[in-house]
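S.K.: heads up, no residue letters with this:
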C-alpha cells in the first residue's frame, strides 16, 4: 500500500512540476516564489545525491529538467547551474545511473540551445562521455555534436572554435577507449562530407588514423579517402527514402483535395512539402567525392612510405582491408606523382592469383605516372603479358590484359618495351571483337602519346591520325604550355565566325549581280571543262599506264604535303593569336565553357575516328573489364530459365469464366449455347442439310480462309 502511495505521490509531483513549468514560461514574475522553492529543493537533493553518486535518483532528474526548461526566465539565479551539471558529469560520469546521466545531458543540450553554455567546453565534455558504455547516450551526444558544429559554422566559419575542437579531436583519436576514438573519427568524417569542415587540417587529422594500430580506425579512414561501397549503399537507401517522401506527399495532397480541410491535415501536408523541397535541393547540389581529400594531405610522400611499410607487415589483417590499403597507396602515388618504387614489384606478386586480379591491375594502373622509371614497370608489364595475353588464354583474359597495359601506358608511355608493344598490336586481327577493340585502343593511345614507337602502317595518316611535329618522348621531359590550354581552339573559332559573317555580307551585296551573270558563267565553265578534258585525253594517250600511276601517286603526296604545310601554318598562326589573347584578354566563364565545348568536338575526328586518351586520376574496374558478348545458352541453361519463369504462375489452358462476369458474350458463343431444336430451321442448317460430306468440308475450308483474311 505504501509503494502505491509513493507512486501516486511521484506522479502528482511530476504533474505539478510540468504545470508549474508551463505557468512560469507564461508569467515568470508571478511564480518566482514557487521557483525558488523548487531551486532549494534541487540543491538539498543534489547534496544528498553527492554522498552516493551511483544510486538512482529519479527526483533529481525531474528537477534538473525543470530548471533547464525555465533557465531563460531566471538567468541570474541559475548562473552557476550549467557548471554544476558539467562538474557532476566530469566527476561521476561513468558511475551515474543511465537514466539520470541521460537527463543531465539532455538538460545541458537544452541550455546550449538557449545560449547559456559555451559550445567548446560542452563539446569537449561530450567527447569524453563517449567512453561511457551507454549506446543510447553516445547516439544522443553524437547527433548534438554534429548539429551544434553545423549551427556554429552556418553563417560564417568560426575558426577559433573549429581550431580548438580539431586539436581536441586529434587528442581523442589517441584515446585509450576504442569507442571514443571511433566516434570522434566518425564525427570528423561526417562534418567533412556535409561540407562543414573541408580544410586541410581536418583531412590531415583523419589521415593520422591511417597509421593507427586499431583496425577499426584505419578501416574508417580508408573508406573516407576511397569512398567505399558502404557509402554507395547508403546513397541508394537515401534514394529509396526520397521516393517514399514523394509518394507520401502525393497521397497527402490527394487526401487533402477531397477530404475535409483540417489544421492537422494541413500541417502534415506542409511538413511533407518541406521535406520534399529539402530533398530536391540536396539532389541539385554538385556531388562531392571523398578522393578530393587526397589533394589536401600535407606530406603525401612520407604517408605513402609509412602505409607501404604497414601494408608489408599487416599479414594478419583481413584481405579486404589490405586491398583498401593498396588502393589508397596507388591513388596517393598516382595523384601526387610519388616515388614508392617497391610498390610495383609488391603488386606484381598478386598478379599470379585469380582472386581480385582485376582490382590489382586497377591499382597498378593508378600508381603509374610519367616520372616512374621504366625499369620498375617493365617486369610487371611482362607478367601481365605472360599471365593474360597468349594464344592459349581465353579471349576475355586477353582483352583484360591489353586494357590493363593500355591504362598503364596512358599514364606512363615509356613503361612498355617496343618489342612487347609490337606483339600486342598484332592482336588487332584477332577473331574476338573485344580483343580487337582493346588492341585498336592501344594503337590509338600511342598515336597520340608517342607515335614514334609504332610501325609506319599503324601510325595512320600524318597530320590526321597523329601530329607530325610531335617529338619522341624522353624520360623526364615535360610539355610546357606557351598559352592557356585550349585557347588556340577559341581563337580558331573566333576567326571562323568572323569569316562567315564577312561571307554572308558579301553574298547579300552580290546576290543580284550573280543572278544576272549565272548563265554566262555556266557557258564559260562548260567550254573550259571540254577543252581541259580534250587536253587531258591527248596527254594521257602519250603517257603509259605505269607512268600515269606514278604521276598520280606523286600528285597525291604533293597534295598531302601542301595540306600538312597549310595546317602547320594555320596552327602556328592560331598559337600566336592564343599567346596574344592569354596576355591581353580576361577570359570569362562563357569563354571557358566554349573551350570545353570545342575540345569535346575535337575528341572525335570524322576522318580518322580519333579519340582522345583519358587519363583520369581514379580508374574504374569497368575500364579494364571488356564488354563481353552474351554467350549462347545450352539446353540445360534454357530449361532452367524456363522453369524459373514458371514459378508462381498458373497452369496453361483456357480460363474458366470470363474476366468480367458482367460483360456480354459473342454471338458465336450464344449459338453454341442454344438448343439444337431451335436452330433446326435456321438458314445455315438448311443449307448444309442437302450437302454431301465433301461439300461440307470444302465449305468449312473456305470459311476458315475467309476468317484468316
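M.R.: Yep, that arrived. Just so you know, these numbers come straight off a predicted model, no measurement behind them.
S.K.: any weak-confidence spans in the stretch 401-550 of the chain?
M.R.: Within the stretch 401-550 of the chain, the segments meeting pLDDT under 70 span 461-471, 480-482, 501-546, 548-549.
S.K.: recalculate using a threshold of 90.
M.R.: 409-418, 421, 425, 427-550 (pLDDT under 90).
S.K.: show me where it has its helices.
M.R.: Here the stretch 401-550 of the chain has its helices, by DSSP state H, counting those that start in this stretch, at 418-425, 433-449, 456-459, 487-516, 518-542, 545-584.
S.K.: again, but for the stretch 551-700 of the chain
M.R.: 589-602, 635-646, 667-673, 683-689, 693-708.
S.K.: tell me which of these lies nearest to residue 112.
M.R.: helix 589-602 (42.4 Å; C-beta to C-beta). Quick note: C-beta positions are derived from backbone N, CA and C, even for glycine.
S.K.: tally of neighbours for residue 145?
M.R.: 23 (other C-beta atoms under 10 Å).
S.K.: my error: substitute residue 158 in the last question.
M.R.: Neighbour tally, residue 158, other C-beta under 10 Å: 16.
S.K.: got it, and residue 88?
M.R.: 20.
S.K.: that's a helix at it, yeah?
M.R.: Yes - when classified by DSSP: H, G, I helix; E, B strand; the rest coil, residue 88 is found to be part of a helix.
S.K.: that one reaches residue 103, doesn't it?
M.R.: No - if you go by C-beta atoms under 8 Å, residue 88 and residue 103 don't touch, sitting 11.2 Å apart.
S.K.: which one of the helices of the stretch 551-700 of the chain is the most hemmed in?
M.R.: helix 589-602 (a mean of 13; mean count of other C-beta atoms under 10 Å).
S.K.: which secondary structure elements does that one contact?
M.R.: Contacts defined by 3 or more C-beta pairs under 8 Å, 6 or more residues apart in numbering; DSSP states H and E place helix 589-602 against helix 487-516.
S.K.: isn't residue 369 up against residue 340?
M.R.: No - assessed by C-beta under 8 Å, residue 369 is found out of contact with residue 340, at 11.1 Å.
S.K.: who has more neighbours, the two?
M.R.: Taking neighbours as other C-beta under 10 Å, residue 369 and residue 340 compare with residue 340 leading, 19 against 16.
S.K.: kindly state the pLDDT recorded for the more buried one?
M.R.: What the model reports as pLDDT for residue 340 is 91.
S.K.: is it in a helix, a strand, or coil?
M.R.: Assignment for residue 340 (three-state DSSP): coil.
S.K.: next up, the contacts around it.
M.R.: 304-305, 308, 329, 333, 367 (C-beta atoms under 8 Å, 6 or more residues apart in numbering).
S.K.: can you pick the most crowded of these?
M.R.: That'd be residue 367 among those, by other C-beta under 10 Å, with 28 neighbours.
S.K.: excluding its backbone neighbours, what's nearest it?
M.R.: residue 330 (4.0 Å; C-beta to C-beta, 6 or more residues apart in numbering).
S.K.: ok so, going back, make CSV out of the helices of the stretch 551-700 of the chain and add distance to residue 581 and mean pLDDT.
M.R.: What follows is these, written out as CSV (distance: least, C-beta to C-beta, whole Å; pLDDT from 0 to 100):
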stretch, distance to residue 581, mean pLDDT
helix 589-602, 9, 73
helix 635-646, 62, 86
helix 667-673, 83, 80
helix 683-689, 92, 75
helix 693-708, 75, 72
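S.K.: turn those helices into TSV, columns for distance to residue 110.
M.R.: Converted to TSV, these look like this (distance: least, C-beta to C-beta, whole Å):
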stretch	distance to residue 110
helix 589-602	47
helix 635-646	58
helix 667-673	77
helix 683-689	92
helix 693-708	83
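S.K.: nearest to residue 172, of the ones you listed?
M.R.: Taking the helices of the stretch 551-700 of the chain one by one with C-beta to C-beta, helix 589-602 is closest: 42.7 Å.
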